[in-house]
Structure formats: C-alpha cells, structure tokens
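Colleague: Structure for the following, please:
(3 chains, ligands or ions: 3)
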Amino acid sequence: MSKEDNILVTKYGDQIQVILDRYPDDQKRSAVMPLLFLAQREGLQITDVIMDEIANILGVSTTQVASIVGFYTLYYLQSGGRNRIQICTDLPCALRGSDDFANQVCDTLGVKIGETTEDSEFTVEAVMCLAACDKAPVFQIHNSEGISYFENQTISDVQSLIDQLVKVPEILEEDDK
Amino acid sequence: MDKNVILNIDDNQVSVPSGTLVVDAAKQIGNDIPVFCYHPKLDPVGMCRMCLVEVGTPLRDNDSGEVVLDKNSKPTINWMPNLQTACTMVVSEGMCVRTVTDQVSRARKDVVEFLLTSHPLDCPVCDKGGECPLQNLTMRHGSSESRFLLEEKMNIAKHVPLGDLIYLDRERCIQCARCTRFQEELVGDAVIGFEQRGRALQIVTYSDPGFDSHFSGNTTDICPVGALTTADFRFGARPWELTNTPSLCTNCAVGCNIHISTRRSGVDGEWQIKRIMPRQNEQVNEIWICDKARFGHHYVSSKDRLDHPLIRKHGELVETTWEHALTVVANNVKQAKGSIVGLAGERLTNEDLFSFSSLVEGSGGRLFQWPGLLGGGDIVNQVGVGTNTDLAKLSEDTAVLVIASDLAEEAPMWWFKIRQSATKLGASINKSKASVIVANARPTKADDMAKATIRYRYGDEVRTVLALTHYITNGKQGLIEDIAANDNTDLVDAANIIAQAKNLIVFYGGEGLQYESSNALAQACANMLIAKGSIGKKNNGLIPVWPNCNTQGAWDMGVKPSGVGTEEFLSKSDLIFIAGADPVDDGENLPKDVFVVVNELFQTETAMNADVVLPVQSFAEREGSYTSGDRRVQRFYPALPCTKNVLPDWEIFQKIGNLLGICEVDIGPSVIMDKISEKILSYQDINYKSLSEFTKQWPDIGGQDSYYGGTGFENTVGIGVQTKTLAELGDDIEFSTVNPLGWTSGDLLGVPITLSYDRGSLFYRSEIMHSRVPEPYVKLSKVDAGRLDIVDGDQVSVVVGSIESSCIVNVSDNIPSGFVLIPRSMGIIMNKHIVPINIKKCD
Amino acid sequence: MTEYLLLRHRNQGEENIADLDTYLALGGFEAYKNIVTTMTPESVVEIIKASGLRGRGGAGFPTGLKWSFLSNRFPRYVVANSDESEPGTFKDREILEHNPFQFLEGLMICAYAAQSEVAYNYCRGEFWELTHKLEEKVHQLNDYGFLGTQIFNTDYSLQVYHHLGAGAYICGEESALLESIEGKLGQPRLKPPFPADRGLYQSPTVVNNTETLTNVPLIMSRGPDWYKSIGTEKSCGPKIMCLSGHAKHPGNYETELGITFRELIYDLAGGIKGDRNLKAIMPSGASAPILPANDEVLDTPLTYEDVPNIGSQLGSASIILLDDTVDISWAVNKTMKFFKHESCGKCTPCREGTYWMSHLLGRINSNVAETKDIKLLEEVANQVTGKCLCPLGDFSTSAVVSGLELFREDFDFHLSNGNQSIQDVNI
Ligand SMILES: Cc1cc2nc3c(=O)[nH]c(=O)nc-3n(C[C@H](O)[C@H](O)[C@H](O)COP(=O)(O)O)c2cc1C
Ligand code: SF4
Ligand code: FES
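Modeller: Numbering: from 1, shown residues only, chains lettered A, B, ... in the order given. Ligands and ions are numbered 1, 2, ... in the order given. Now for the predicted structure:
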C-alpha cells in the first residue's frame, strides 16, 4: 500500500490506537464514527481515499463506511466552507427569532442558507435543535478544530467572530515569516 | 426446541414448531400475509410494515399463571392495542391472529399507498412487471386512486449501474433492504448499502469495482420490485412470455437447480435463452445460484457452434453427412481392433458416459476421464457424505474440514452454504454455528469463516491429515509438530475442534496434488472419518470438490482417470475418441498417425487435430442426468428446440455402436438410465421417474403467490435422488494404508489453481462476464519475485516443459515461496500436475 | 424546592463542582466507594427499585426494574444516553457541563449494579467540546483509582468511554443508539429482544438517560425513603424542566415532580415574554400532542401520570411555550420539518409519511392548499399512527393531529387569506 493510502495511520497512528482500544477486539467496526471525526480534521470533508483507509483499518467495506457518512449529518461528503456556521432554526429557537437571525447572518456573508462564501471560508446552514433552546439565537461552528457553541448571539457578535475566524490564517502566515 | 405450538389464525388451528414466525405459520395453512421486507432466507427486520395483523394472547391470572376463561369457557384473549408485524412475531401457545379484519385491510392499503407515493408506476416498461410483488400486492390490497401529487414525487436516478452486471432504478426501490441483507448476511460481502436516511435513503456502492460479488444476480430475484435488474435480462423480455424449463447448472460439481427461461425472438423468431433463474431445491442450492451459472450460458447461442459433422479430406476438415461421418468412424473403430482410447471430458451425462463406455470397452478399448486430475471417486462411494445432509444447516456439533481446495472459486454454492452454517445467526440468534477448518498452502476466501486455518507446504497435504488423525485418535502431537515446525499454523486447534465435534465433514480438492497424491489424500481423509466414526450417516463423510459437473457420475459409470500412464496409453493406440475434452489445449500432444474422433460444440484445438468432428447438442437442447459431488443424481430437460444438425453424445456413441453391432440405439436417456440402474448397485433405485419425484419445498418460496419475488423458483419436477454410500448400505469400511508421496522437487514449482471466472472455452463466450475475468497472470511470492528481479505487473514468459506462454505477474505477500500459482484455463498452458517451471521477464 | 439536587448538587455556594477535588471535598464519590467496597450489586438494584426512580429520557420506565431485567450472561454493558436531541430539551447538557461528576458517579454505580466492566456515554456529536472535557474528567477518575482495575482493592474493574454521535436524533432511541455504537446506521432494532437481553454487541445492556443516572448517587447516599418523599407517589424525585419558546425567562428549572404548569411558567419563569397571552404548550418537545393553554391544563401537575390525563405526555419535560402570536400550522410545519429530517428511513409509514405530511404542511403554509389537503393531512397522520417500528413515527403525528383538533382555524386561515406568509407570524 502506498503512503498516500495511509493518510490517517501516518498522521494519527497513536490516536487511532486509543480509539480502537475503547471497543472490544472483535468489534472494531465501532470505531468508524470516531475515525471519521478524526478524518475530518483534514479539511472537514470525507474523501473516497479516506473511506477506503478507514474501511481497511476496520475490516469493513468502503460502502459500509460511506453509509455511515451518508446517514449522519455531521460528516460531509461534499466540500463546504472552512467553517460551517450551523444555526438552529428549529421550533424553540424559531420562536425566539432564529429564522430572522439566520437571514441576517446570510446577509452579512452575502450568501443564502446552504451556500458557501466565495472565499470558501464559511458555509451557512440551518440545523435542527442543538439543545440550547433557552439561549437562542444559537449556532455552532464546525471546522477542522471541532465543534463549538455560540449562544445568545447578536449579529454584531457574529460579525466579530467572522473577523476573528478569517484572521487566523493571516496570523499563522505572520508567524511563518 | 422443536416442540410444537398451537395457535389460532382467523379461527383456524395451526400447529407449528416453536420459534416459527406468524407469517410462516399462516403460510402453512395457505394464508398469504403480504410482505415486502420479509424473506424466509433472511433475518426478519419488520421494516416495510406490510404484514401488520392483529395479535392477541390468552390472558393469564397474575397469581396462578392460569389462563383466564370467559363465560363460554374459552380463553380470554388480550388483544394488543397496535397491529403487529407478522414477520417478526414468534408464535406462542394459544396465540390468536386475525388477518381479515377491517383494521388489517386498512393497514395494508395504507402501507401500499405509502410505498407508491414516490413510485414511478412504470410497470408497462418494467422488467419485473408480471412477476412483481409490489404490483401483485397493489392489485390485491392497494387503493385504486392516488392521493399524492405527481409533482411532489421524488425524482431520482434510474438506470444506475451498481456494477457491470446489476442496474438499480432508484425510483422503484422501496427500501426493503433485502439486497443489502443478502449481501451482508448470506454472502458476507457488504459491497452495497444504504446511504442517507429518511426518504433520501438509497442503495449505493462505493466498492471498486462496483457490485462484484459472485452472487450478485440473486439480489435481482429477491428484490420485490423492479429496482434491481441484471444487465443481461434488462429489457430482454416480459416474464409472462417466457417458458421456464427445469435444468441444471453445468459449471461445477454442486449441481445447482436452474430454470432456463426461453422465448422466441429476433427476426427469425428463433428460440433463445433469455435468462437463467435458480430453481428451488433446498438440499442443493435453495433458491440461489452464482453469477457464473446465471450469466455463463451465452455459449449455447454462439454463432461459432459446430453445425455439421466434419471429416478430414486432403488435410482439411470439410462438412459431411452424419451417415458418412458415423460410417467412417465405425470402420476405423473396427480396424483399430481394440487399440482404442476414449477420453471423457466435462459435459458428458451419465447416459453419455454409459454409452461411451459401452462403445469403447465393447470394442476392446479403454475409456478414461480427462483430464482426470483428482482421485478418490471409489473412496467417495464408500464414505461419501451421508444422504440428506444439509450443508447450510450444520450446527455447533459439526466440524467441516476443507483441504486443498479454494472452495469459493471451485464450488461457490458449497462455500455459500457452509458459510451459512458457520456464520449466519439465523432467525433465532441462539442458533449455534458449525466450526470450519480450512487447510491450504495459501490463503483462500474460505479462511474468512474458518475457526482454524492450517497452512502447510504444497506436498504436505496427506501428512497434514495423517497428523490430525494421529492426534484425534491418540491425543498425541508428535506428527503435528513435525508438520507445524516451519509453518505458523493452528494445527492443534484444528485437531481439537475435530476431536470435540460430534460430526465431521471433509471437503478435499486437488490443489497442488498429482493424481496419485490426491488418491492418497482422499484415503487419508477417509481414514480420519473412519477413525472418528464419521461415516455412513447424515452430517458426516467425504465430499470431493470435483472439477466438473459430472465427475462423480463418471466414477460411478466406471470411467476413471488413467493416472500417470495417459501418454503411454495414447501413444500406443490406433484410435482416440474424445468427447467434451480439449487435451491439445491442455498441452497434451496427440500422437501422430492415430485416427482421432472428437465430439464437440466448438472448433477447439483438439477438434482441429481430429479426423472426424461430430457436433453435439448443448445441455440446453437435450436431456440427461448428472451426479453431483455429494452424489445427488438429477435430471435436466430440453429447453431449446434443436435447430442445428447436431446430436446428443449418447446417440452418437450408440449409433456407432449399432453400426458395429455392439448395441441398439435407445429411444432416449431414460431407457439408458434403466440399464444403468440394473448394472450399477448404487443406482438401483434411480430412474427418470424417481428423479422427477417432487416433495414440497419449505420455506415455500416457489409457490404461486410470487410475493417472495421471481417466478422461476418453483420446482415441480424433482429434487433428485442421492445415492447411498457403501457405509450407508452397511458395508464394513476399513482403513487403507496411505503412503504420502515425496515432494515434487524443483526450484520453482507451478501449481495450477482454479478460478470460477476463467477463460474456459464455454464460459468465456459470455461476453457480459469479460470484465470479471482477470488478465492472464501467474502469482509469485515476494521472495521469488525479488530473486528473479520481477515486480508486480511485469510481463513474463512461463516455461513449462517445452511449452512457453506469456502473461503478467501478480506478486503476493502471502503465497509460499518456491511456488507459482497458475490459474487454469487462462491461456497459460500447463500440463496437468504440479511441475517444475521457469519464469523469465520479457523484454 | 430550594435545593438543587441535579443541576448543582453539593454546590450550595460558589464552588465549582465540575472540579474533581471540589466535588470530592463535598462528599462526592463516597456513595460509589461505599457501594463498591461493601455492597452487592443486587442490593444496589433493590435500593433503586425502592426509590421509585423513573427514567428521565422520556418513557418514565422504572429504573430499578430495568436493572433487574438483565439476562444472566456476561459481559454486560451500561450505556448513558446523552444524545439529548428532542427540540426543547437542554437539561443533560447542563448537567454534563456543571455537574459532570455526579452524573459519572451515577453511571459508575449503575455499572457496578449491572456487573458491567465497561460503560459508554453516548453524547450527541454537537457536544464535541463538552465530550472532550468529559473525557479528561474520566482520565482524572482513572488517575484517582475510581476507574481501572481492582478499584479500591476489590476485584471490580470498570472503564468508562465516550462515544460521539454525529447528528441524528433517532440515535437517542436506545436501540438505534446501540447500533450507532456498533458502527452501523443509527436505525432502531426490533424489540423484543430488549437491550436487557440483547443490547450492545448482543450482550445484556442497561441504557439510561443522563439525568436518570444523575439521580442515582443521591438515592444511594440519602436513601430511597428520602427520595420517595419528593414528588408524587408515582412520580418521585426532582426533575429538570426545560422551558423554552415564549417564556419570559427560558431555561432549566429543577423542581419536584408534581408542580403545576402554572407554577412553573408563572411563578418560576416569570410568565410569558412581553406579558402576552399563552396560546399553547408543547410539554414534550416536538413529540407529544400540543395542549391548549387553559386553566385545566395550567393546573395540571407535571407528572408521568397527570399529563397523559389531559392528552399529552411529560416525556423528558421539554416544555415549549407558544404565545398568542403563533400560527399553530406554522409550528406544526416546523415540527414536521424536524421529523422528516430525522426519520431514519427504516420503516415505510414514517419514511413516506413524514415526507408526505411535510409537503402538505408546506403547501398549507405557502397558502396554496385546498380544504381537501387539510383533510388529507389528517388522514395521512392517522395512517402513520400505530404502524411504525419505533416511536418516532408516532411522535411525528402528535403535533399534527392535536394541532388540527385544537387549532383548526390556524390551518383554515391559510385557505381564506392568500396574503398571509410565514414571516408575518414569526416574531
Ligand atoms: C425517537 C426517540 C428519541 C429519543 N431520544 C432520547 C434522547 O435524546 N435522550 C434520552 O435519554 N432518551 C431518548 N429516548 C428514549 C430512549 O429510547 C430510552 O427510553 C431512554 O434512554 C431510557 O433511559 P431512561 O429509562 O433513563 O429514561 C428517545 C426515544 C425515542 C423513541
Ligand atoms: S418510525 Fe421512523 S425513525 Fe422509527 S424506525 Fe421507522 S423510519 Fe426509523
Ligand atoms: S414488516 Fe413484515 S414483511 Fe416487512
């Protein structure tokens, strides 16, 4: 197997072992979800190559891995923005104005729900209840770092968060110099 | 476990074994509860909700546990508030089920309506139309109007290739998961699966290549709608126009029962094979066939079929009449004065072999199997597997040893059935599993289901079995350590599994063996079975993985391999009569100045060397009987009218015999079978009537209801008769000594292996399968590749004796060094046995 | 009730009980230690049985009884259900954030009682950050010797692992949750067999809600009689009520089971936002029938037995308040979007029914529906009810059926007035 087929193992070998150790030896398939989360650290998207690799690690078929990716909404087969802004617009939040809030976020970024900004930084999505209904408007940001909640948000909070998030790479570039 | 339970379905009492599902119990009294997701061969999932019924159980007093009686002294029934799925509900004593109430018919109507909301209703152009459970059940239970808005239907992809053989119409799919469960539960190869969820749930494959399971075609049979179709049959015909003729698959020794569906088509209205369907025979293939059986039939309709007898004139083969050809052959036979050798190949039926043998031996010659690589047929007749053994239903008390065979490639259906015994949890999860042990010099697919795998060196097959026997009889490991010394094997585990099992079944094949050593292997296995007392009874005994569909029949008809002496026999004869074999292509040189007669379908290498070529009927145009590796004699019937100027083999032999005054020409194979049964003890109860006796099959899948999908399943013409072994007939079977032969020596030894999808002259004419057949290759170990400076994918020439062929190299981690695996019938000419070879890189 | 038993137990001042040392200093894990070193698993089960604790995940099944049903096979597993995805539910998240050790202690006691050596906490994927914090807390417990092998020098070993979901409401259903841990699609299994017999990896398994387990250390340290004295006879103990929607002060309110809707809404949560009138109450998120905000309803105690009497369910007490500006057909459409999105697709009526109902509600809400569509909506809802493999299908029809029954005019409104749009009724 070429190096290319071993992206995860090469990079996260130890973590993969820790994950596998959580489950009985003959139940490796259980690790598929944590491994997919691990894989999404690479650009927040699951590729065919990654699915093949996970299938190999777990001794299941690639199709079985793909089924999982397709069933659960926090795995992405399609590429989106570097940050997915996932705003809850479910009933309890909607009662507290989250539909309007979502539209405002969209306006701020110049996209519609489900779309990605031109610079590929943000995708705005409307999602189901996030278990933070009392703190509406609420959204989570899903990026390669993981998922973080932002509660009791105003549109100016969002604006400064956006600024902060797009700055990060610039700061890194500064450091590189 | 098998205690019976009495329940009440619509006021009819039914008694069924405990553990039975309500849906099956109802079926036994002819009450067809409609189902979509349920399939008796798969674990129930209760997803489609079509089978909803009312269920109640007798009310019991909390304290006494007694059934509470009503004022008519009948048990008071506690009806469950919601409808229950009959496909998941297990019967219990006193249970009451109602299937004809308003509530139930309403539910059926509702579920059908839901299933049809996004269905394209394209029955008029659908391949399943006419044998479609959805169509049938909609007629019976559905509503006549549609309340769903057309523009809100899901519009999704049609004609999605899931691989090169199976197409998916996503709009027709009703998400019953039969196909995915078939692949996962029964084949163990989940290459198709569901993606997304909710209404977006759909079947996908991410495997590369796509849906390439050896059993993929079966999903199209059990799909209860027209969502899955085969590339072969798609838009080929409407099911009601087809004529289904019962037949047998001729590809391997399992003897799967099939239907050949034919129809007149094309401009000339000729009868054609439109598809091959499995025919239910629970003892053999249940309701399944492998893709080779389903798609490998195209040679029958090949334009290259021989259509006239040919005779050599001035060095050229030219057409002639039957009368002339047969007279010439008869005259040559007479002149040969007994210096005759007959070679009987793969396709010959019992009746052909019997007639062939009467002709050749009646004229003083000798008749042999060709290529005759695997020995042990006589041993099988002593200690073969007990009659009525169901290979798919072996349980924990049974061990199965597979040795020197790549079962999944050589006899796919046996692999499939054994896998069920070894892995499938079945409807009741408590069912225990049989233990499989796989012994081979290299890994094979059967390893996946094995409790223990034994790796020996090619040449150590017999010693391995001796060691196991030694251990189970004496409890000593001595020999085992000998064998295991340089290999990392679970020999002791395997021996313990065998020692502890009550029953033992042994499959032996010929991989890596010479004819003589395969005989020794068969005897060693027999000795082990005798030592364990595993002979003469059900779930015990020996099964040879014969190379052909009627090798067992050949042994039974007294036609055996010639062993090492073939070349000598051939060179000494004046006439060679070959039927169903292509020795020239196998690398055998036919001696010069010998008169050669060949019965053939095609102009093979051997036929080109013949003096007379006699064209024969294919199995689809004629009738006859074959005997499977587990000794089941079964009949097949003519499916196509014979429009060519060709004859069945038996008739050719008998006509020549008649010209020579040796025999009469019988009116048909059934008369020949009567003669066989007079002459051959184990066939004494077999005749064409007993072979077509039919016992009702359970589960009842092939009945008239057709809601299990696919109309080809029904079997009304017999399930065959298994011959009894000598052990079963009460003979005393004794050990025979076995001498393990020495290893074949040589730096590099070529070992022929068998692939299911090869370039065999018949199979390779099915173009639809070409993408599944690999490029000709040989497999080399890493060590040898390194030594020879060869890398994976290199083009090489393979030299066997004086014959050279070229192909690519497949370098593998897990084959033993010193050996080169050479797939048979792949164009690499290889003399029959394991032999020293040379490999050179091509420039 | 003045004391917080679940949300901030032991923390009566400003202490941070999410810190292990603080939690220990306040008497944390004493119950666990006592149990592991001195009690038999059976006696723990008996105490939980005697306490009358009922599951807080929605169904209210008696917890002790559930533990006593385990088949006599090993290994066994214990799984905490922290999937919390019902619209309007946010209590487990607060427990995990502010009182994680009490929950973990409950989980560990449960594992001991079930004689299980491995416990999983299944958290919804969105709790990504929270779960990583919890994993660190588990490491700490390992370091302190509360987890691992030979705990407190006994034969008992226990490991606690976390498993993250990835955005699927149905994985809150216990059997789908187990499938999800097994690395399969989160689709519910057939029952029977129940998890107590064939659960995770086909082994006997206890699945309990996070809040349920958080009650356990209390019961074990203060005794079942004390516990029984809180709440009503059939619904004992403290309960976190999640109040959302048009409450003036939405949030988690920990009370005794048995306080009334009125007390909760008006006395504790300050009434309705903007002091408007309350129109309707959804007492169990999107899943149970909608209730009209009348006196009978407002004076009904929040218990497992009383809420069904007025035609709905207590469920996990995720109470959504709808004021008089809300168009119920809009609210029902929201719930249907949720269920259509979350239907796992395994069974026909739910898969097709939610798709169909969502189309019908969409048509109604965009004012293109006709009277027959409203009738059809009702029929389709009834057609789904009672036929599905798991309760989600029935959940999806609750709001539809009750909404149509109680607030039919909100649906009919869209027929007569072609200008009404969704935005207008939205706040
Ligand atoms: C569709 C559906 C979703 C559910 N979601 C949750 C959930 O998010 N959290 C939870 O604890 N229980 C949920 N449940 C209930 C669980 O199936 C189960 O009854 C519960 O976890 C048992 O724990 P308990 O006895 O402690 O309540 C759900 C049930 C259904 C049918
Ligand atoms: S009711 Fe819905 S969620 Fe439950 S099994 Fe059926 S499709 Fe899945
Ligand atoms: S639910 Fe019983 S047949 Fe599908």
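Colleague: I'd like to know how many residues surround residue C:190.
Modeller: Look at residue C:190: counted by other Cβ atoms under 10 Å in any protein chain shown, it has 17 neighbours. Using the backbone N, CA and C atoms, a C-beta is placed for each residue, glycine as well.
Colleague: which residues touch it?
Modeller: Counting by Cβ atoms under 8 Å, 6 or more residues apart in numbering or on different chains, residue C:190 makes contact with B:44-46, B:88, C:389.
Colleague: Of the residues you listed, which is the nearest to ligand 3?
Modeller: The closest of these to ligand 3 turns out to be residue B:46 (Cβ to the nearest ligand atom; 4.2 Å).
Colleague: pretty sure the closest one is touching residue B:35, no?
Modeller: No: contact criterion Cβ atoms under 8 Å: residue B:46 and residue B:35 do not qualify, at 10.0 Å.
Colleague: Overlap in contacts, the two.
Modeller: With Cβ under 8 Å, 6+ apart, residue B:46 and residue B:35 have common neighbours residue B:87.
Colleague: Settle it for me: which of those two has more neighbours?
Modeller: More crowded of residue B:46 and residue B:35, by other Cβ under 10 Å: residue B:35, with 25 against 22.
Colleague: What's the local residue count around residue B:643?
Modeller: Other residues within reach of residue B:643, judged by other Cβ under 10 Å, total 11.
Colleague: host element of it?
Modeller: Using DSSP states H and E, residue B:643 sits within no helix or strand.
Colleague: Name the SS class of residue 107, please.
Modeller: No chain was given, so I picked chain A. Following DSSP: H, G, I helix; E, B strand; the rest coil, we place residue A:107 in the helix state.
Colleague: that's the other chain; I wanted chain B
Modeller: helix.
Colleague: Against ligand 1, how distant is it?
Modeller: Separation of residue B:107 from ligand 1 (Cβ to the nearest ligand atom, to the nearest Å): 21 Å.
Colleague: quick one, what contacts the closest residue to that residue other than its chain neighbours?
Modeller: Spatial nearest neighbour of residue B:107, excluding adjacent residues (Cβ to Cβ, 6 or more residues apart in numbering or on different chains): residue B:52 at 4.4 Å. Residues counted as contacts of residue B:52 (Cβ under 8 Å, 6+ apart) are B:83-86, B:104, B:107-108, B:111, C:387.
Colleague: Go back to the contacts of residue C:190 and keep what's next to ligand 2.
Modeller: When contact is defined as Cβ under 6 Å from any ligand atom, the contacts of residue C:190 meet ligand 2 at residue C:389.
Colleague: Dump stretch C:69-79 to CSV, keeping only the CA atoms.
Modeller: Taking Å, rounded to 0.1, in the frame of the first residue of the first chain, the C-alpha atoms of stretch C:69-79 are listed here in CSV:
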residue,chain,number,x,y,z
PHE,C,69,-34.2,-7.4,34.0
LEU,C,70,-30.7,-8.1,32.8
SER,C,71,-30.2,-11.6,31.3
ASN,C,72,-27.8,-13.7,33.2
ARG,C,73,-24.9,-13.5,30.7
PHE,C,74,-21.6,-11.7,30.6
PRO,C,75,-20.1,-9.4,29.5
ARG,C,76,-22.7,-6.8,30.2
TYR,C,77,-22.7,-3.2,29.2
VAL,C,78,-24.0,0.1,30.6
VAL,C,79,-24.7,3.0,28.3
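Colleague: distance between it and the chain's centre?
Modeller: 23 Å (Cα atoms, centre = their mean, to the nearest Å).
Colleague: same question, stretch B:641-648
Modeller: The mean C-alpha position of stretch B:641-648 is separated from the chain mean by 27 Å, Cα atoms, centre = their mean.
Colleague: In three-state terms, label residue A:141 for me.
Modeller: Per three-state DSSP, the local secondary structure of residue A:141 is strand.
Colleague: Which residues are in contact with the spatially most central residue of chain C?
Modeller: Ranked by distance to the mean C-alpha position of chain C (Cα atoms, centre = their mean), the top residue is residue C:57 at 3.6 Å. Each residue near residue C:57 by Cβ under 8 Å, 6+ apart is listed here: C:81, C:172, C:174, C:208-209, C:211-212, C:316.
Colleague: Kindly report the same for residue A:122.
Modeller: Per Cβ under 8 Å, 6+ apart, neighbours of residue A:122: A:81-85, A:109, A:111, A:116, A:162, A:165.
Colleague: Kindly tell me how buried residue A:116 is, as a neighbour count.
Modeller: Neighbourhood size, residue A:116 [other Cβ under 10 Å]: 20.
Colleague: so what's the residue nearest the centre of chain B up against?
Modeller: Residue closest to the average C-alpha location in chain B (Cα atoms, centre = their mean): residue B:413, at 3.9 Å. Contact analysis of residue B:413 by Cβ under 8 Å, 6+ apart lists B:252, B:254, B:256, B:284-285, B:288-290.
Colleague: Looking at these, which two lie furthest apart in space?
Modeller: B:252 and B:288 (13.7 Å; Cβ to Cβ).
Colleague: Number of residues surrounding residue B:567?
Modeller: Neighbours of residue B:567 under the rule other Cβ under 10 Å: 12.
Colleague: any idea what the nearest residue to it once chain neighbours are set aside is structurally, helix, strand or coil?
Modeller: Of all residues beyond its chain neighbours, the one nearest residue B:567 is residue B:588 (7.5 Å), with distances taken as Cβ to Cβ, 6+ apart. Counting by three-state DSSP, the backbone at residue B:588 sits in coil.
Colleague: Kindly provide the distance from residue B:588 to residue B:348.
Modeller: Distance, residue B:588 to residue B:348, using Cβ to Cβ, to the nearest Å: 18 Å.
Colleague: before we move on, what about residue B:633?
Modeller: Distance from residue B:633 to residue B:348, by Cβ to Cβ: 14 Å.
Colleague: To what extent is residue 49 buried, counted in neighbours?
Modeller: Let's take chain A. 15.
Colleague: looking at chain B here, not the other one
Modeller: By other Cβ under 10 Å, the residues close to residue B:49 number 28.
Colleague: show me where pLDDT drops low in chain A?
Modeller: Along chain A, the parts satisfying pLDDT under 70 run over A:1-5, A:168-177.
Colleague: and the gap between the closest residue to ligand 2 within it and residue C:342?
Modeller: Per Cβ to the nearest ligand atom, residue A:71 is where chain A lies closest to ligand 2, at 11.2 Å. Look at residue A:71 and residue C:342: by Cβ to Cβ, they are 11 Å apart.
Colleague: Common neighbours of these two, please.
Modeller: Residues touching both residue A:71 and residue C:342 (Cβ under 8 Å, 6+ apart): residue C:168.
Colleague: Return the residues of chain A in contact with chain B.
Modeller: Applying Cβ under 8 Å from any Cβ of the partner chain, we find that chain A lies next to chain B at A:48, A:51, A:60-67, A:69-71.
Colleague: Restricted to buried residues, select those residues in PyMOL.
Modeller: Buried residues within the residues of chain A next to chain B, by 16 or more other Cβ atoms under 10 Å in any protein chain shown, are selected in PyMOL with:
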select buried, chain A and resi 51+60+61+62+63+64+65+66+67+69+70+71
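Colleague: For residue 151, give me the backbone phi and psi.
Modeller: Using chain A here. Phi and psi for residue A:151, reported as degrees, to the nearest 10, are phi -110, psi 160.
Colleague: what ranges do the strands span in chain C?
Modeller: C:77-82, C:118-123, C:159-164, C:205-209, C:238-245, C:251-256, C:278-282, C:291-292, C:318-323 (DSSP state E).
Colleague: okay, the ones you listed in JSON lines with distance to chain A, mean neighbour count and mean pLDDT next?
Modeller: Formatted as JSON lines, the strands of chain C follow (distance: least, Cβ to the nearest Cβ, whole Å; neighbours: other Cβ atoms under 10 Å in any protein chain shown; pLDDT from 0 to 100):
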{"stretch": "strand C:77-82", "distance to chain A": "10", "mean neighbour count": "28", "mean pLDDT": "98"}
{"stretch": "strand C:118-123", "distance to chain A": "8", "mean neighbour count": "24", "mean pLDDT": "98"}
{"stretch": "strand C:159-164", "distance to chain A": "4", "mean neighbour count": "21", "mean pLDDT": "98"}
{"stretch": "strand C:205-209", "distance to chain A": "13", "mean neighbour count": "26", "mean pLDDT": "98"}
{"stretch": "strand C:238-245", "distance to chain A": "4", "mean neighbour count": "26", "mean pLDDT": "97"}
{"stretch": "strand C:251-256", "distance to chain A": "4", "mean neighbour count": "20", "mean pLDDT": "96"}
{"stretch": "strand C:278-282", "distance to chain A": "8", "mean neighbour count": "25", "mean pLDDT": "98"}
{"stretch": "strand C:291-292", "distance to chain A": "15", "mean neighbour count": "21", "mean pLDDT": "98"}
{"stretch": "strand C:318-323", "distance to chain A": "5", "mean neighbour count": "27", "mean pLDDT": "98"}
